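S.K.: take a look and give me a structure for this.
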Amino acid sequence: MAEMTPEMAFLQSMQSNTNNYNPITYQNNDAQQDEEEEEEYDPSHIVPDQADDSNRSTPMVQSASEDEAATPSRPVSQASDTKVVETTAATPTRQPPKTLGGFIVDDDDDDEDETPVTRPKLAGSNGLLNVAQSSTNTPKRSLTQTPNAFLTPDVSIQKTTQEQGVSDVPSNGPPDSTFNHTAVLPNPSAELDSTSTNASQTLPVVDTPTATSGLSASLPKSRLPHDRVGILEDRIADDPRGDLDAWLSLINEHRKRNKLDEARGVYDRFFKVFPTAAEQIIAYVNMELQNDDFFRVEQIFTRFLMNVHNVHLWSTYLDYVRRRNNLTTDTTGAARQIVSQTYEFVLQTIGHDKDAGPIWSDYIQFVKSGPGVLGGNGWQDQQKMDTLRKAYQRAICVPTQAVTGLWKEYDNFEMGLNKMTGRKFLQEKSPAYMTARSANMALQNLTKDLDRTTLPRLPPALGFDGDVEYMNQVEIWKRWINWEKEDNLVLKDEDLQAYKSRIVYVYKQALMALRFWPEMWYDAAEFCFQNDMESAGNDFLTQGIAANPESCLLAFRRADRVELTTADITDVKERGDLVKEPYNTLFDALYELINITTKRETQAIARVKESFAQQALASPTRSADGDEAGAEEEARNAREATQKAQIEAIRNGNAVQIKLLSKTVSYAWIAYMRAIRRIQGKGKPGDAAEGGMRQAFVDARRRGRITSDVYIANALMEHHCYQDASATRIFERGMKLFPEDENFALEYLKHLITLHDIINVRMVFESVVNKITQKPENTHKAKVLYLYFHEYESRYGELGQLIKLEKRMHELFPDDPQLSRFAHRYASPGFDPTAIRPIISPTTQAKPRSLPTIGIPPPVKMQDSPRPSVAQVANSPKRPLEESDNEAFQPRKMIRAESPLKGAAGRRLDAKRNQQRAAENHAIGKTPNIGQPLPPPPLPREISYLLSIIPRAETYKASTFAPHKMVELLRNLELPQGQQLRPPIPGPPPSSYGQLNGPYQFHR
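M.R.: Here you go, the predicted model:
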């Protein structure tokens, strides 16, 4: 059994009757056993294993075509396909429908089948045609929605309706004959099962010599060029979250044709995918306002307003309220009261937004337009003055672009009423205004490159177009959030609730643009949990999972939170169901993504084949012999080679994606098994109340698409948590399913060593490495096993066995140095004693390095260099320096000597000066000896000093200067000319420069 390949294991499991498994029977049998017998748990007795487990299928899957079997990433079976096969098998056989001219014609009313056919529901939750809900008695149609998929369809019926601008008009034929709301992507394996199960249910096909006849079955129906609505629907069905342009174009197309009901339907579907798209909500509102449909407008506001905190959307809401409440004809004051309450509601919700300045200004103008006179003595006048003062004082504390203008208006307002009280109020609010103004300037600088869109886009993959721009937007949003958390408005101590609400508000603004960025949802939820905002945190996680159902980050965090908050629930089944809910969402999304990837691969291969088949038909066929026939054969071989290369590239690319998704699914199952073990324990397969970890393992194998990591994790949990012998049986089962998986074999060896089963350790090692090295392209996989077993033999084995093992390693890996293989015997991950060079003679081996001396040539002899002149400043109050030719009468001044440098820098500078003096004496006393090289040109004094104070390389701990870059800098350095620089001020000792870098950093 150890030699069984994954395919053989799968076929053997398919030949057995997999439908005989009954969890109830298993549960009853287990209930009759005692505790000792329960330890004999064998996972292979529950569900027959499969390499890269897929969903359970009928034996008819073995009739798959050779082309499908060659696809490495195509799943063997799918759960949805199994349902289709069962439904088809249960359908009674019907006679083939009558056809005329390539179309299905209706039978007479007196036909034996008089049951009315119910038209399937046009659109489901995702707007696609719901084929699964159609009657099973309806004859199956070809994938191109015509009776004969291999003939050119007669589109005269559709063309008439489409030219009139009507895209969804069915014909008089059967319900599925010509009507096609959207292109329904076929499932290749489902089609294969249905055709192989009951051939009488398929429509008759007219044989044609067309080479592309067998390819169109894998492709969706091709649209006519002028069927713009159908083309856009196909794009949306294929990529609902990514093709944002298709959504907007489809809405505009319906509005252009004045099909408002269709446009509303598209809007409803659009907002299920993008519920926070404020721009489109405003467009939806404006569409209804143009038709004076105020009832629908209010429904839109009720649906979106409280969940989408967008300034423009709430401004639209304000405009609608003011339109519906005319203040000009308001004699009772009820309309003004409604508008005033609306303003208060709006400002309380989004008034602290940095772009809410226009709303504050409008509110102040609204208060000014109210009844009463500013400065009057009546109660209404005083009430207006108090309301306006309160509005100004609230507005000037919010960092908006209008804060400066509002402060000026407030200043004029207070000083116009009473200068004494005005100065008092202005002095009280001046600190808050200054804080708001400085905060506004900081926010404007922080977000100047921010794109505050509410139409989110999927993040581009790393290395592809747009990834840098997208990550820049993410960083800007994070900086804004961190700025709010730093409490620059000083709200944390005075108004903690306002501090929290501002941060949560910025998170919501960021998530409008970064809806498909799970890390932002996670950060928002974590902030809420850390600040006792449990409900808001759960809302963030729930909405984040709805936007990113395939995100492991959000699903794991939600499951952990549910597990923590349900600790008081004593019913383990109820608690397990609550924890399992986010995992189920994750599993469904990942498996669906695998199916979509497989379907795209099938369609891409079909397109390639169809394209090359059309090229083959378009190429002229010649009956000539000789060179022309050879050239034609060469061209055909070139096309076949190109086609094969393209198909192979498609398969390899999709295989990488599916492998990554399978790895993700496996780790999701591992996380679920760990969580359910903490709640329900080891459990028992088939137990509905306490299935536990073992039932989760069974479910994972049934769903399929799992890697060896799931077997490893389950076996180790059985061993470490329960010391159960079933861990070894799980490893044994896994070795049959993954015979060439070196990581699984390595974990199996570690497990056997833990059990001190040395005989089986050697047997497993020999069998695995022999099987892996049978294929030369897989030899590199065995290296990790050899290294581990070499380490084990070197520590606990015999020397003769170790030498034999090293000889085998040398034959398999001849490029590895023999020294490193020998040193591996005695080394540990942190220390290698064979590489140590001890210091025997410190004076010889540990001699400190001396800095290289820079030869400085003798400078040009200058006679009595004048004192550096000081630049005179025009109109200076100081007395100018009087110049005199006769210096005899000038007062004598003592020349101050330069302050000596202390420490190592001073000693190095003295050494340089001594060298200069010696060079000067040599130049004056005698000429250089013949044959000696001329000294290099002199260096400026400043550069010499810089070189003298640069500390030794040993003093740098973080970074070091690159010598070539340092020399290049000094070579190109331009020193000021025409004036003498001041002597450099002595700095600290060189040892203090060890951790510092100057304005230029030179790294090796």
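S.K.: surely L305 meets S315?
M.R.: No. Under the criterion of C-beta atoms under 8 Å, L305 is not in contact with S315, lying 11.8 Å apart. For every residue, glycine as well, the C-beta is placed using N, CA and C.
S.K.: could you dump stretch 795-809 to PDB, C-alpha only?
M.R.: Written as PDB, here are the backbone C-alpha positions of stretch 795-809 (Å, rounded to 0.1, in the frame of the first residue of the first chain):
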ATOM      1  CA  ARG A 795      23.900  12.100  17.300                       C
ATOM      2  CA  TYR A 796      22.400   8.800  18.100                       C
ATOM      3  CA  GLY A 797      23.600   6.300  15.400                       C
ATOM      4  CA  GLU A 798      26.600   4.300  14.500                       C
ATOM      5  CA  LEU A 799      29.600   5.800  12.800                       C
ATOM      6  CA  GLY A 800      29.600   3.200  10.000                       C
ATOM      7  CA  GLN A 801      26.000   3.900   9.200                       C
ATOM      8  CA  LEU A 802      26.800   7.600   9.200                       C
ATOM      9  CA  ILE A 803      29.600   7.200   6.700                       C
ATOM     10  CA  LYS A 804      27.400   5.100   4.400                       C
ATOM     11  CA  LEU A 805      24.700   7.800   4.600                       C
ATOM     12  CA  GLU A 806      27.300  10.500   3.700                       C
ATOM     13  CA  LYS A 807      28.400   8.500   0.700                       C
ATOM     14  CA  ARG A 808      24.800   8.300  -0.600                       C
ATOM     15  CA  MET A 809      24.400  12.000   0.000                       C
END
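S.K.: please report how far the residue lying closest to R575 once chain neighbours are set aside lies from V562.
M.R.: The shortest distance from R575 to any residue other than its chain neighbours is 4.6 Å, reached at I569 (C-beta to C-beta, 6 or more residues apart in numbering). Taken as C-beta to C-beta, to the nearest Å, the spacing of I569 relative to V562 amounts to 10 Å.
S.K.: of the two, who's got more company?
M.R.: In terms of neighbours (other C-beta atoms under 10 Å), V562 is the more surrounded of I569 and V562; the figures are 18 against 13.
S.K.: a helix runs through the more buried one, doesn't it?
M.R.: Yes. Using DSSP: H, G, I helix; E, B strand; the rest coil, the assignment for V562 is a helix.
S.K.: isn't it up against V579?
M.R.: Yes. Using C-beta under 8 Å, V562 is in contact with V579, at 5.3 Å.
S.K.: which stretches of the stretch 551-700 of the chain form helices?
M.R.: Chain-ordered helices for the stretch 551-700 of the chain, with DSSP state H, counting those that start in this stretch as the definition, fall at 552-565, 572-618, 627-680, 692-703.
S.K.: what helices or strands is the second one leaning on?
M.R.: What it means is helix 572-618. Using 3 or more C-beta pairs under 8 Å, 6 or more residues apart in numbering; DSSP states H and E as the contact criterion, the secondary-structure elements in contact with helix 572-618 are helix 552-565, helix 627-680.
S.K.: which of those helices comes out lowest on mean pLDDT?
M.R.: Note on those: lowest mean pLDDT is at helix 627-680, with a mean of 91.
S.K.: okay, the angle between it and helix 692-703?
M.R.: Inter-element angle recorded for helix 627-680 and helix 692-703: 160 degrees (by axes from the mean of the first three to the mean of the last three C-alpha atoms, to 10 degrees).
S.K.: what's the mean pLDDT across stretch 725-739?
M.R.: For stretch 725-739, the mean per-residue pLDDT is 94.
S.K.: what of stretch 828-841?
M.R.: Averaged across stretch 828-841, pLDDT comes to 90.
S.K.: contacts for that stretch?
M.R.: 822-823, 826-827, 845-846 (C-beta atoms under 8 Å, 6 or more residues apart in numbering).
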